[in-house]
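> A structural model of the following input is requested.
(one chain, ligands or ions: 1)
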Amino acid sequence: MGSVTAMHRDAAVNQAATGNQQDRLRVEQVCLRYSTPDGQTFTALENVSLSVPDQQFAVLVGPSGCGKSSLLYLTAGLAEPTSGSICVGGKRVEGPGADRGMVFQSYTLFPWLSVRQNIEFGLKRKGMVSAEREEIVDFYLNEVGLTQFADRYPKQLSGGMMQRVAIARALANDPQILLMDEPFGALDSQTRMQMQQLLLRVWEHSKKTVVFVTHDIDEAILLGDRVYVMGARPGRIKREMEVPMPRPRDMDMVMERQFIEMKREILGLLHNELDKPH
Ligand SMILES: Nc1ncnc2c1ncn2[C@@H]1O[C@H](COP(=O)(O)OP(=O)(O)OP(=O)(O)O)[C@@H](O)[C@H]1O
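Below is the predicted model:
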């Protein structure tokens with residue numbers, strides 16, 4: 001176990017070195033436009049720039065359709081910006097790659113593979129030897145509390161358990177950055193709170209750079225180091241806010257003055273968006 005932690009810590013140090021102290025993620029002047037069937041141009045993202053330093057937990061919040069998922073997809077290399085650039089670890093994104101891990105809202109596990117096989121999938125593709133794979137998978141099974149469920153198949157798991165596997169699978173690949181698109185959006189509120197606690201704990205251990213999309217303002221403040229509030233029509237960053245809450249964090253913080261003040265400010269920014277004509 002210790003050696004896995006040490007290995008991933010070394011990798012983080014190496015990543016910081018190869019990134020030459022640059023931001024882990026750098027989005028510069030990104031525009032994304034679509035052609036509509038009636039021959040018009042629709043601007044999904046307009047001049048979006050942001051920089052996420054290494055080991056930071058960044059959260060994107062904003063009204064529906066402001067381009068949060070689009071920004072994650074562009075960073076994942078699943079689509080290309082119309083203009084501007086996105087760099088991860090100092091390298092320009094030109095397509096999908098194992099240096100970026102993704103966790104989606106919909107469950108994306110391979111149904112024909114067990115929990116263990118799902119987590120080790122990327123490691124096998126990398127050609128890692130079996131003993132090393134087993135050590136890493138055991139470590140992450142333990143991290144997400146699924147050691148007893150290693151041989152189950154996705155259809156035998158609850159939604160929360162499937163998302164734990166998805167998080168373990170993404171982290172086991174030791175990506176430079178973890179992109180999370182409303183990963184808890186489909187869960188009931190009790191499970192969602194449990195998953196937030198779990199993610200906080202796992203993140204404290206891994207200190208991965210994260211970009212996390214959510215509609216839930218409490219979730220944004222509870223998890224994030226920095227919150228980007230986006231506006232729609234066109235999609236853009238309206239405000240970048242540091243979260244003043246110390247770590248480690250827990251649910252009780254939602255009652256604290258600083259938390260409530262930040263929530264009020266974000267709500268104000270989002271309400272201004274809702275008042276805009278469609
Ligand atoms: N392939 C496409 N062609 C045209 N428009 C698109 C396409 N994909 C997305 N859009 C539009 O781009 C805008 C941004 O979509 P996106 O899904 O990124 O927003 P979002 O903020 O993640 O929304 P939500 O919170 O509802 O998931 C939306 O208005 C959407 O309808």
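> Spell out which residues of this protein are next to the ligand.
Y34, F42, A44, G62, S64, G65, C66, G67, K68, S69, S70, G235 (C-beta under 6 Å from any ligand atom). C-beta: built from backbone N, CA, C; applies to glycine.
> what about the first one, which SS state?
When states are read from DSSP: H, G, I helix; E, B strand; the rest coil, the local structure at Y34 comes out as strand.
> Spit out the contact partners of it.
Listed by C-beta atoms under 8 Å, 6 or more residues apart in numbering, the contact set of Y34 reads T41, F42, A44.
> how about a cut-off of 6 Å?
F42 (C-beta atoms under 6 Å, 6 or more residues apart in numbering).
> repeat for the second one
F42 is in contact with Y34, T36, counting by C-beta under 6 Å, 6+ apart.
> in which helix or strand would I find it?
Under the criterion of DSSP states H and E, F42 resides in strand 41-52.
> Tell me the buried residues in that strand?
For strand 41-52, the neighbour count (16 or more other C-beta atoms under 10 Å) marks T43, A44, L45, E46, V48, L50, S51, V52 as buried.
> cool, and stretch 183-193?
P183, F184, G185, A186, L187, T191, R192, M193.
> tell me the mean pLDDT for that stretch?
Mean pLDDT, stretch 183-193: 93.
> got the end-to-end distance for that stretch?
Start-to-end span of stretch 183-193 (C-alpha to C-alpha, to the nearest Å) is 12 Å.
> just the helices in this protein please.
Counting by DSSP state H, the chain has helices at residues 2-18, 68-76, 115-125, 130-143, 159-172, 189-206, 217-223, 257-275.
> mean pLDDT lowest for which of the ones you listed?
helix 2-18 (a mean of 52).
> Just give me the closest of the buried residues of stretch 183-193 to the ligand.
Of all the buried residues of stretch 183-193, G185 has the smallest distance to the ligand: 8.7 Å, by C-beta to the nearest ligand atom.
> give me the number of residues near the closest residue to T43 other than its chain neighbours?
Using C-beta to C-beta, 6 or more residues apart in numbering and skipping the chain neighbours, the partner closest in space to T43 is P234 (4.0 Å). The number of residues packed near P234 is 17, by other C-beta atoms under 10 Å.
> surely P234 meets N47?
No: contact between P234 and N47 fails when scored by C-beta atoms under 6 Å: they sit 8.6 Å apart.
> Ends of stretch 70-89, what's the gap?
20 Å.
> And for stretch 93-113?
End residues of stretch 93-113 are separated by 30 Å (C-alpha to C-alpha).
> Fine by me, thanks again.
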